[in-house]
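Student: Below are the sequence and a predicted model; questions follow.
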Amino acid sequence: MTHQEILKKVQWKDLKTLSFKEMLIENNLTIPWFLISMTLAYFGYYLAAIPFSAFFFLAGLRQVHNGFHNSLGTNKFLTWFTLYSNSILLMVSIHAVKFNHIRHHKYCLSDEDYEGKSAKMTWYGAILYGPVHMFLIHKVTLQKGNRNYVKNVILELFSIAVVTFIIFYFQIHFLIYHFIIMVFAEFLMAFFAVWTVHHDTEDSPEFARTQREGWKNKITFSMFYHLEHHLFPAVPTIKLPELARRIDDVFPDIEKKNTF
């Protein structure tokens, strides 16, 4: 079966629309995890804060990822603000990540796919490549992005620099903790966000790996329904479990390589 055949036979366009409740979930998913992690860090319970920081990071990825594909259910400005504010919270230019992610869908695992380069590495190679990956996506966006992308990347990097200066100048310890954890998490993106979902799929890049086990999807905020996402990138994350069911109903024999 081809990607076009799947698009034609699986009913999916109704899944693009979010209810008011779903829109609230997608746009506020990060808040409880951030508040809990910051509260614990503020009182010095850094080890206890780490898992909540990890969940905040995952929720933030889900939120901005939906923003990349205009799937948050909000208007253009609010979607932009979500990307901008999360740049400061996640310590990376989210518009740089967006630029490379959109190219990733267009040029999946080809030489023009800078986001996907770690997919062809070993698992430990992808981990070691992480810092290079983060530098590269900013460099590529500044070189290849249009004026709007470049403007947003510069604004986000400047804002991150200002916030970082304030955090360290005034020695705000719980925010220093947050900064360190977020930078460490960003360095693992080449492994977790690319290698895990695309390794050994070069022969059919559009058929990414996926995760169908319930508890694993709960702790990863459904971010590993990656086969489904690549086939139907306009479908919001909250609707991917239903999309997966529909794909299986129409194409029960479709190959599903596990993410983990």
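Tutor: Arrived safely, thanks for sending. Numbers count the residues shown, from 1 in each chain.
Student: who does the helix or strand Phe179 falls within touch, helix- and strand-wise?
Tutor: In the assignment (DSSP states H and E), Phe179 maps to helix 173-187. Contacts defined by 3 or more CB pairs under 8 Å, 6 or more residues apart in numbering; DSSP states H and E place helix 173-187 against helix 31-42, helix 46-68, helix 76-90, helix 123-144, helix 147-169. Any C-beta I mention is one placed from the backbone N, CA and C, and that applies to glycine too.
Student: and Pro131, how far is that from His138?
Tutor: 12 Å (CB to CB, to the nearest Å).
Student: ok, those two, which is more surrounded?
Tutor: For Pro131 and His138, the more surrounded residue by other CB atoms under 10 Å is His138, and the numbers stand at 19 against 13.
Student: mind checking pLDDT for that one?
Tutor: Note for His138: predicted pLDDT of 98.
Student: now it, nearest residue through space, not along the chain?
Tutor: Closest residue to His138 apart from its sequence neighbours, by CB to CB, 6 or more residues apart in numbering: Ala96 at 4.7 Å.
Student: residues near the one you found, how many?
Tutor: 25.
Student: Helix, strand, or coil at it?
Tutor: helix (DSSP: H, G, I helix; E, B strand; the rest coil).
Student: re the thing from before, going by neighbour count, which residues in the helix holding Phe179 are buried?
Tutor: 174-175, 177-179, 181-182, 185-187 (16 or more other CB atoms under 10 Å).
Student: Tell me the one among the residues you listed nearest to Val250.
Tutor: Distance to Val250, by CB to CB, is smallest for Ala185 among those, at 36.5 Å.
Student: Does that closest one touch Phe57 like I think?
Tutor: Yes - taking contacts as CB atoms under 8 Å, Ala185 lies within contact range of Phe57: 4.7 Å.
Student: just to confirm, which helix or strand has the nearest residue to Thr74 once chain neighbours are set aside in it?
Tutor: Leaving aside its sequence neighbours, Thr74 sits nearest to Asn27 (CB to CB, 6+ apart; 6.5 Å). Here Asn27, judged by DSSP H and E, is contained in helix 20-28.
Student: mean confidence score for that helix?
Tutor: 96.
Student: Quick check: the nearest residue to Ala54 once chain neighbours are set aside vs Gly130, distance?
Tutor: Among residues not flanking Ala54 along the chain, Ala185 sits closest, at 7.2 Å (CB to CB, 6+ apart). Using CB to CB, Ala185 is found at 10 Å from Gly130.
Student: shouldn't Ile6 be in contact with Ile247?
Tutor: Yes - between Ile6 and Ile247 a contact is recorded at 7.1 Å, counting by CB under 8 Å.
Student: Name the spans of the protein whose pLDDT lies under the cut-off.
Tutor: For the chain, applying pLDDT under 70 flags no range at all.
Student: Give me the most central residue, it.
Tutor: Central residue of the chain (CA atoms, centre = their mean): Leu61, 3.6 Å from the mean position.
Student: give me phi/psi at Asn258?
Tutor: Note on Asn258: its backbone torsions stand at phi -70, psi 140 [degrees, to the nearest 10].
Student: Report the beta-bridge partner residues of it.
Tutor: In this entry, Asn258 is beta-bridged to Thr210, by DSSP bridges.
Student: check contacts around Glu242.
Tutor: With contact set as CB atoms under 8 Å, 6 or more residues apart in numbering, Glu242 has these partners: Leu15.
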